[in-house]
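Novice: Sequence and predicted structure below; questions after.
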Amino acid sequence: MSSWRAAAFVLTVPLLVSAGHAASRFEPPPTLELAKVDYQLATPQPQKLEDGRLSWVYKIDEGNENGAWTTALTLFLRPGPASDANAELKAVSARFKGERGRKQHFAGRAAQGHAYWYHLVDIRRNEQFAQAFAHKSFHEPACGGVLTYQFSVLYPMKWTPKEQQVAGLLDAVTMENERALAALERDRWQPDCR
């Protein structure tokens, strides 16, 4: 290949990739409603995460939760091919089983073309909050990747000197995660991808 053709190829490939992503664009809505609660878009411009995903965060507007959040919705877009729900769940499950550090309590299922899963970050003594996350995936090729709808909850912790973990908290949060997954499953929101 001549140097001119090689240079033309190098210049053309990024343009095709850029054009492909420009044609497959996700538009985040200004508000989302989940379980009769309205969430406002707090980050109109997508935040790029270390793993390459883009994220948009939604928060409750009621009194600004005293400047902090206890519940939030986040939309994540992982650019690339839109895998199917079963492949997504398998990949997510492998990721949680393979993570080192804090234990992730994980459960998931695939239904109606979506992957649903939740995880709870292992609770450590003297932390102010337990963190739990429920997810629903969307596999629309027009979005330019896999879109994940995440519901996050911070549970306030109250410790007494002798307690290592609040009795029954893990079971209670697991039940709440199941309810959150059921709410995500009932939710009819669909991504707007053009």
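Specialist: Sure, I can see it.
Novice: Can you show me the strands along the protein?
Specialist: 26-27, 31-34, 37-41, 47-48, 54-60, 71-79, 104-111, 114-121, 129-138, 145-156, 192-193 (DSSP state E).
Novice: got those strands as TSV, with mean neighbour count and distance to residue 182 columns?
Specialist: No exception for glycine: its C-beta is placed from N, CA and C like everyone else's. As requested, the strands of the chain are exported to TSV (neighbours: other CB atoms under 10 Å; distance: least, CB to CB, whole Å):
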stretch	mean neighbour count	distance to residue 182
strand 26-27	15	25
strand 31-34	16	11
strand 37-41	15	15
strand 47-48	11	28
strand 54-60	20	20
strand 71-79	20	16
strand 104-111	16	11
strand 114-121	22	9
strand 129-138	21	9
strand 145-156	20	11
strand 192-193	16	24
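Novice: Adding distance to residue 171 and mean pLDDT, write those strands out as JSON lines.
Specialist: Shown next, in JSON lines, are the strands of the chain (distance: least, CB to CB, whole Å; pLDDT from 0 to 100):
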{"stretch": "strand 26-27", "distance to residue 171": "36", "mean pLDDT": "88"}
{"stretch": "strand 31-34", "distance to residue 171": "23", "mean pLDDT": "92"}
{"stretch": "strand 37-41", "distance to residue 171": "24", "mean pLDDT": "92"}
{"stretch": "strand 47-48", "distance to residue 171": "33", "mean pLDDT": "94"}
{"stretch": "strand 54-60", "distance to residue 171": "26", "mean pLDDT": "92"}
{"stretch": "strand 71-79", "distance to residue 171": "20", "mean pLDDT": "92"}
{"stretch": "strand 104-111", "distance to residue 171": "10", "mean pLDDT": "86"}
{"stretch": "strand 114-121", "distance to residue 171": "11", "mean pLDDT": "90"}
{"stretch": "strand 129-138", "distance to residue 171": "12", "mean pLDDT": "89"}
{"stretch": "strand 145-156", "distance to residue 171": "12", "mean pLDDT": "90"}
{"stretch": "strand 192-193", "distance to residue 171": "38", "mean pLDDT": "88"}
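Novice: possible to save the ones you listed as a markdown table with distance to residue 168?
Specialist: Output for the strands of the chain, formatted as a markdown table (distance: least, CB to CB, whole Å):
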| stretch | distance to residue 168 |
| --- | --- |
| strand 26-27 | 40 |
| strand 31-34 | 26 |
| strand 37-41 | 25 |
| strand 47-48 | 35 |
| strand 54-60 | 27 |
| strand 71-79 | 21 |
| strand 104-111 | 14 |
| strand 114-121 | 13 |
| strand 129-138 | 12 |
| strand 145-156 | 12 |
| strand 192-193 | 41 |
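Novice: what's the closest of those strands to residue 179?
Specialist: strand 129-138 (8.6 Å; CB to CB).
Novice: Relative to residue 49, how far out is the nearest residue to residue 89 once chain neighbours are set aside?
Specialist: Of all residues not flanking residue 89 in the chain, residue 115 sits nearest, at 4.0 Å (CB to CB, 6 or more residues apart in numbering). Taking CB to CB, to the nearest Å as the criterion, residue 115 is separated from residue 49 by 19 Å.
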